[in-house]
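Asker: Give me coordinates for this.
(chains A, B and C)
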Amino acid sequence: VADPRFFDRAGPLSLAQVAEIAGGQVTASAADGVVVDVADLSSATPSDLVYVGDVSYAPALATTKAGVCLTTPALATAVPNTCKAISCANPRAAFAKVAALLYPRTDAQWPTGASIAADAQIDATAMVSAGVVIGAKAKIGARVRLGANAAIGPGVSIEADSVVAANVTITHAIIGSRVIIHPGVQIGQDGFGFAAGPRGPQKVPQLGRVIIHDEVEIGANCTIDRGALADTIIGRATKLDNLVQIAHNVVIGQACIIVSQAGIAGSAVIGDGVTIGPQVGVIDHINVGSGARIAGQSGVSRNVAAKETVMGYPAKPIRQFWREIAALARLTKRG
Amino acid sequence: VADPRFFDRAGPLSLAQVAEIAGGQVTASAADGVVVDVADLSSATPSDLVYVGDVSYAPALATTKAGVCLTTPALATAVPNTCKAISCANPRAAFAKVAALLYPRTDAQWPTGASIAADAQIDATAMVSAGVVIGAKAKIGARVRLGANAAIGPGVSIEADSVVAANVTITHAIIGSRVIIHPGVQIGQDGFGFAAGPRGPQKVPQLGRVIIHDEVEIGANCTIDRGALADTIIGRATKLDNLVQIAHNVVIGQACIIVSQAGIAGSAVIGDGVTIGPQVGVIDHINVGSGARIAGQSGVSRNVAAKETVMGYPAKPIRQFWREIAALARLTKRG
Amino acid sequence: VADPRFFDRAGPLSLAQVAEIAGGQVTASAADGVVVDVADLSSATPSDLVYVGDVSYAPALATTKAGVCLTTPALATAVPNTCKAISCANPRAAFAKVAALLYPRTDAQWPTGASIAADAQIDATAMVSAGVVIGAKAKIGARVRLGANAAIGPGVSIEADSVVAANVTITHAIIGSRVIIHPGVQIGQDGFGFAAGPRGPQKVPQLGRVIIHDEVEIGANCTIDRGALADTIIGRATKLDNLVQIAHNVVIGQACIIVSQAGIAGSAVIGDGVTIGPQVGVIDHINVGSGARIAGQSGVSRNVAAKETVMGYPAKPIRQFWREIAALARLTKRG
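Answerer: Okay, the predicted model is just below:
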């Protein structure tokens, strides 16, 4: 599943190796076979390993095409017949260890001699400023402008007429046309994914990408992490102000406005035409419907319906927010 | 109005062209003439185009010296006799299109061969570290220190004894003496300005500058956008902590303290000696009087008087904030 | 006290000079002698100058080994016999002036010719990408990977197997093994320390370091300031998400999780295994006990006990937070 432009896969691993890593029990049906790759439940194929640590994933598990699943003893019976189960105490931590063996290096490999890799494809009309570093097999489209000291990682592609300002880093990403990326933006680094381990948080390799569609604008010093297994996606003509944080696996629709210092946590899904005010926080796995509006500094901890306007900490319908503010003020006048 | 050190102007455009771009009606008095530049109402001259989309600008419109004004049919009658009116459905979007034609490129033009432009003026006592990129006609003053891999855009000037740390980007800006700019700061990029358009937000060219006065200190990874038409200004001896966001057209007075992760939205005006706590948000067009104090995480959504101390979301007088917190705590004890 | 790898000390200063700088009175016992260095009360030696501006430091003052103390007339009697007292109106401002004389330059001195200082020690197995700048006497360990255009300041050491991504700046810091530092991170710049002065805030030289222990991970565009006199410390296996702010003198324990856009103010002490949610603010000098959990967007303005879970603005026990939210909702239904 991991894009070979960004990740070199080792392996495969035998099921016996995987079971040993997991400290797990292999069911009778899983005595042999190999794991070629890791994947999420929905995109996995029979050569892939998945994991399920939580009963909320049972529906996705029932229909997965994965060949092998790391899971808990309690959930092992929910693994479909087409998939071999390995039950263990901490499926996510075991999955992380397997992923780290299959992908021993996931950080960008920069050129160490000349600044621009010999096999990078740079359109003759592109402008490459002083100090720019471009990694192997990156593709820079027509009339793209790369600002001073920008770093474009291996395999990254940037389509025509996009502008990348100075001191930007882009790795593990596919960038559309007419995109504007302001200075200091960091795109494509690891998402913040850890499994509980005996000596502290244990890193879960981040094997997805960042996809930026056409006409997106990204403000200075924003951070956009790549996906864990799937991709982080920003839709056409969405505009991000400065210092916005987009976590791994977030999917944002078209023509949204996200004002400065807002943060969208992992796997949140934002519709089209959404307005997110400054310093808003949206927690992970939340769904914000198209046309919704979120007032500044709100803390969005539940789904927001299409066209709904919310405000507050925690966020609630904006009228209720202001009613409560008024009620609180009256309370102290009475007191 | 746009500073020629930072922006190359095309044009002029005939009024007929402007009207066609706007999809607008030209009043009888506006049948001919040209637009040389775009401006805001207060600084415009007879060769400039302005726009008014909102009745709140009627007082400024009454006294403008602009030659041509894009406006709505309803507001067209408020345009003074000295100014030709073009009425259209969306004056701001039309203005943005005209501005984009007059200023086809507004991002910094970096050197592409040597790292330092041949016509940059660098004082003999300045220290230029490895990897620094300096654009055309930039001026670097006596004893200025530029840190590793800093990028100083074309036309930027930095006066004596200022320090710019590593990985900083400065474009479209005038920097005073004894200023300290910490690593990763981004100064002078586009403000976050968009007009509603049929296919999503439409970019409004940002044609102002950033002016940083003497003895200012700017913390790591701060972002300071340049003005839309006027300038973004930070007054003498004001100190910004890390990760502070200053939006376009903000004007900050002298000797203020702005603590980390605070954000000041567009066109807010902050007086002298103001203290703004960490993670505070100040919304756009707000006025904060001299000597005011804003407690951490407050959301300032109305003007703050001189020497007032506010706290809360939304911000209110700090005593009232704490009274309400106490009242709320009592409420649950009763319940 | 200041680490000679990062700071060059001038001086010494005579006590008469110090008294003149302070505009202060020297007690009879302090008529002669010199000040070699500045320090904090707990680590000072007889050749060091300290200051006490506030009665809360009286216990530490009683046991200090410092040779000279700048203090107020009111506190001068609390200075122990082993220490000479200089009383003045603003001890902190006077201390800042002395420190600035003893350490006239505290920003990183970057190479100005070749990108890598001749006396930097770089392990043969380290990967130094294009555009990297490395200062004098820096030490880069085995298999360390330095990303494109990273800037590693003079005297910095990075131990084996750590990864530094592109466009990172590290100065005044000691970095352990297997540390991961994502792009755009800024480590080791000045903390945000100022004394009140007649013309605005007066800079207090920042003479400490940043210490990052093994297996720490630091998200994109984080900022970690060095200590004022002591060090800023991040313990083993602690993980920081993107855009986190760590102020000077903060001490963080092992295996903590600090989610994006959180900010920890100066001298706060965080225990082991603490979870700090997104956009949380922790004010200065706060103590957060091991195993505590702080929900997103909370404003922590008092100590948090070990294993306590808090939420809110200001932060309170999480059950109380939700009870108050419910009570407020009921209030408006009644109203």
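Asker: And for residue A:280, nearest residue in space, chain neighbours not counted?
Answerer: Nearest non-adjacent residue to residue A:280, counting by CB to CB, 6 or more residues apart in numbering or on different chains: residue A:262, 4.4 Å away. For every residue, glycine as well, the C-beta is placed using N, CA and C.
Asker: tally of neighbours for the one you found?
Answerer: 29 (other CB atoms under 10 Å in any protein chain shown).
Asker: May I have the residues that are in contact with it?
Answerer: By CB atoms under 8 Å, 6 or more residues apart in numbering or on different chains, the contact set of residue A:262 is A:241, A:244-245, A:276-282.
Asker: can you redo those residues as CSV with neighbour count, pLDDT and secondary structure?
Answerer: Converted to CSV, these look like this (neighbours: other CB atoms under 10 Å in any protein chain shown; pLDDT from 0 to 100; DSSP: H, G, I helix; E, B strand; the rest coil):
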residue, neighbour count, pLDDT, secondary structure
A:241, 29, 98, coil
A:244, 28, 98, coil
A:245, 30, 98, strand
A:276, 29, 98, strand
A:277, 23, 98, coil
A:278, 27, 98, coil
A:279, 28, 98, coil
A:280, 27, 98, coil
A:281, 29, 98, strand
A:282, 29, 98, strand
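Asker: will you turn these into JSON lines that also has distance to residue C:63?
Answerer: JSON lines is the format used below for these (distance: CB to CB, whole Å):
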{"residue": "A:241", "distance to residue C:63": "50"}
{"residue": "A:244", "distance to residue C:63": "48"}
{"residue": "A:245", "distance to residue C:63": "44"}
{"residue": "A:276", "distance to residue C:63": "52"}
{"residue": "A:277", "distance to residue C:63": "51"}
{"residue": "A:278", "distance to residue C:63": "47"}
{"residue": "A:279", "distance to residue C:63": "43"}
{"residue": "A:280", "distance to residue C:63": "48"}
{"residue": "A:281", "distance to residue C:63": "44"}
{"residue": "A:282", "distance to residue C:63": "50"}
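Asker: May I have the beta-bridge partners of the closest residue to chain C within the stretch 201-335 of chain A?
Answerer: Relative to chain C, the nearest point of the stretch 201-335 of chain A is residue A:223 (4.0 Å; CB to the nearest CB). As for beta bridges, residue A:223 partners with residue A:186, residue A:245 under DSSP bridges.
Asker: so what pLDDT did residue A:198 get?
Answerer: Residue-level confidence at residue A:198 comes out at 87, pLDDT.
Asker: what does the stretch 201-335 of chain A put close to chain B?
Answerer: Within reach of chain B by CB under 8 Å from any CB of the partner chain, the stretch 201-335 of chain A has these residues: A:215, A:217, A:219-221, A:236-239, A:241-243, A:254-255, A:257, A:259-261, A:273, A:278-279, A:296-297, A:313, A:325, A:328-329, A:331-332, A:335.
Asker: how about a cut-off of 6 Å?
Answerer: Contact residues (CB under 6 Å from any CB of the partner chain) of the stretch 201-335 of chain A with chain B: A:220-221, A:237, A:239, A:241-243, A:255, A:260-261, A:278-279, A:296-297, A:328, A:331-332, A:335.
Asker: which ones among those residues are found in strands?
Answerer: Among those, the members falling in strands (DSSP state E) are residue A:239.
Asker: Select only the buried ones of the residues of the stretch 201-335 of chain A next to chain B in ChimeraX?
Answerer: Buried residues among these (16 or more other CB atoms under 10 Å in any protein chain shown), as a ChimeraX selection:
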select /A:220,221,237,239,241,242,243,255,260,261,278,279,296,297,328,331,332
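Asker: just the residues of the stretch 201-335 of chain A next to chain B that are near chain C?
Answerer: Of the residues in those, proximity to chain C by CB under 6 Å from any CB holds for residue A:221.
Asker: Next step: the residues of the stretch 201-335 of chain A next to chain B restricted to helices.
Answerer: The helices, defined by DSSP state H, take in A:328, A:331-332 from these.
Asker: Would you check that residue A:26 makes contact with residue A:19?
Answerer: Yes: with contact defined as CB atoms under 6 Å, residue A:26 counts as touching residue A:19 (4.6 Å).
Asker: quick one: common contacting residues for these two?
Answerer: With contacts taken as CB atoms under 6 Å, 6 or more residues apart in numbering or on different chains, residue A:26 and residue A:19 have residue A:86 as neighbours in common.
Asker: that's a strand at residue A:319, yeah?
Answerer: No: in this structure, residue A:319 is helix, not part of a strand, as judged by DSSP: H, G, I helix; E, B strand; the rest coil.
Asker: Return the per-residue confidence for it.
Answerer: So residue A:319 comes in at 97 (pLDDT).
Asker: what's the distance between it and chain B?
Answerer: Note on residue A:319: its distance to chain B, by CB to the nearest CB, to the nearest Å, is 15 Å.
Asker: Just give me the neighbour total for that residue.
Answerer: Number of residues near residue A:319 (other CB under 10 Å) recorded here: 11.
Asker: ok, it to residue B:106 distance?
Answerer: 41 Å (CB to CB, to the nearest Å).
Asker: cool, residue A:196 as well?
Answerer: Per CB to CB, residue A:196 is found 49 Å from residue B:106.
Asker: Same drill for those two, tell me which one is more crowded.
Answerer: Shown here are residue A:196 and residue B:106; by other CB under 10 Å, residue B:106 has more neighbours (21 against 11).
Asker: residues in contact with the more buried one?
Answerer: Contacts for residue B:106 were tallied using CB under 6 Å, 6+ apart; they are residue B:205.
Asker: Check which residues of stretch A:2-11 are buried.
Answerer: Under the neighbour-count criterion of 16+ other CB under 10 Å, stretch A:2-11 has A:2, A:5-7, A:11 buried.
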